[in-house]
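*Asks:* build me a model:
(one chain, ligands or ions: 1)
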Amino acid sequence: MLSKREIAFLNESNKIENLGMLRYSVESKNGHAQAWIQVREKAVQRERLELEDICNSQRYLMEEQASVGEDVEERLWGALRSPENRIGVRVGQYHAPSFVEVPILMERYIAQLHAELEHPQERHIDFAARAHRNFETIHPFADGNGRTGRLIANYVLLYADLPPLVFTAADRRKYYDACKTVGAMQAYFREKMQESAVCLSCDDDFVPLKRRATAGAEYDCKTCDAHFTLDWDKIFEEGYPLNP
Ligand SMILES: [Zn+2]
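*Replies:* Sure thing, here's the model as predicted:
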C-alpha cells in the first residue's frame, strides 16, 4: 500500500524525467512502486541498503520504462557503469566520473552512507541531501540516476523518522541548480520538507503549508480540521513524531 505522500513522490519523480505517463495508486506494486516499497521496507526495519538493492531499484525502473517505449539497452538494467559497461555520462555541463571509477566510488558511497546512519554526525535532513547530491555526482547508471537517487534520499529520511520528500517537477530548475553544491541541496531539502506535513490527529500524510509563522510552520488539515504548528528545527534534529 502506498500513502498519498508516497504516490505524489513517485508520480513527481517520474515527471521530473518527462515520464509523467507513468502514474501510481494506493495499490501499485510494480516498477517504481516496487522499488520504493523494497527500499521503504529496508528503512523501516533499519536494514542496510546495499549496492545490490540500489541496482535492483534501477532495474525495476528500466523494466517499467521499457513498457512505455522509453527503452534502455537491456544489458544496462541494474548494471553499474564499469570497465564492463563503458559508458560516459554528461548532464548539461557536468561530466560524471569515468566508468572506470564508478565501482570503487559506489563502494565508498555505501560505506559512508551506513557509517553516517549508524553514527550520525549531522542533522538527518542535511545528510539525506548530502547523500542524494553525492549519488547524483557519481551518476553510477546509464539512466535512472535521478529517480534512484531520490529513492535513496527517502530511504535516509525514513530511516531517521522523517516523512519522505516530494521532489516536484514544477520547480525542477531549482532542484537541478541545487545539485551543484551540497549546501544548496540541503537548503532545497529543508524548504521542500516544510511544504507539507503529516497530521497526527487523522494520519493524513499530505497537509500543505498554510503560511510561515515566525516560530514554526502552520498547517490546516482539510481531512479532520486540525490546525497545527510544527517546529521543523526540532523535527530535523529528532525526527518526526509519528509514533509519539
Ligand atoms: Zn487531520
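*Asks:* quick one: contacts for Gln38?
*Replies:* The contact partners of Gln38, by Cβ atoms under 8 Å, 6 or more residues apart in numbering, come to 53, 56-57. All C-beta atoms are positioned from the backbone trio N, CA, C, and that covers glycine.
*Asks:* let me know the secondary structure of it.
*Replies:* Recorded secondary structure, Gln38: helix (DSSP: H, G, I helix; E, B strand; the rest coil).
*Asks:* now it: how far from Gly31?
*Replies:* 12 Å (Cβ to Cβ, to the nearest Å).
*Asks:* wait, what's in contact with Met21?
*Replies:* With contact set as Cβ under 8 Å, 6+ apart, Met21 has these partners: Val68.
*Asks:* in the longest strand anywhere in the chain, what counts as buried?
*Replies:* Identified as the longest strand of the chain according to DSSP state E is strand 207-212. By 16 or more other Cβ atoms under 10 Å, the buried positions in strand 207-212 come out as Val207.
*Asks:* same question, stretch 111-123
*Replies:* In stretch 111-123, the ones that count as buried by 16+ other Cβ under 10 Å are 113, 116-117, 123.
*Asks:* now swap in stretch 228-244 and tell me
*Replies:* Result for stretch 228-244 [16+ other Cβ under 10 Å]: buried residues 228, 230, 232, 235-236, 239-240.
*Asks:* again, but for stretch 85-101
*Replies:* Quick answer for stretch 85-101 (16+ other Cβ under 10 Å): 87, 89, 96-97, 99.
*Asks:* mean confidence (pLDDT) on it, please.
*Replies:* For stretch 85-101, the mean per-residue pLDDT is 90.
*Asks:* which residues are contacting that stretch?
*Replies:* Here stretch 85-101 has contacts from 75-76, 79, 81-83, 105, 137-139, 142, 145, 176, using Cβ under 8 Å, 6+ apart.
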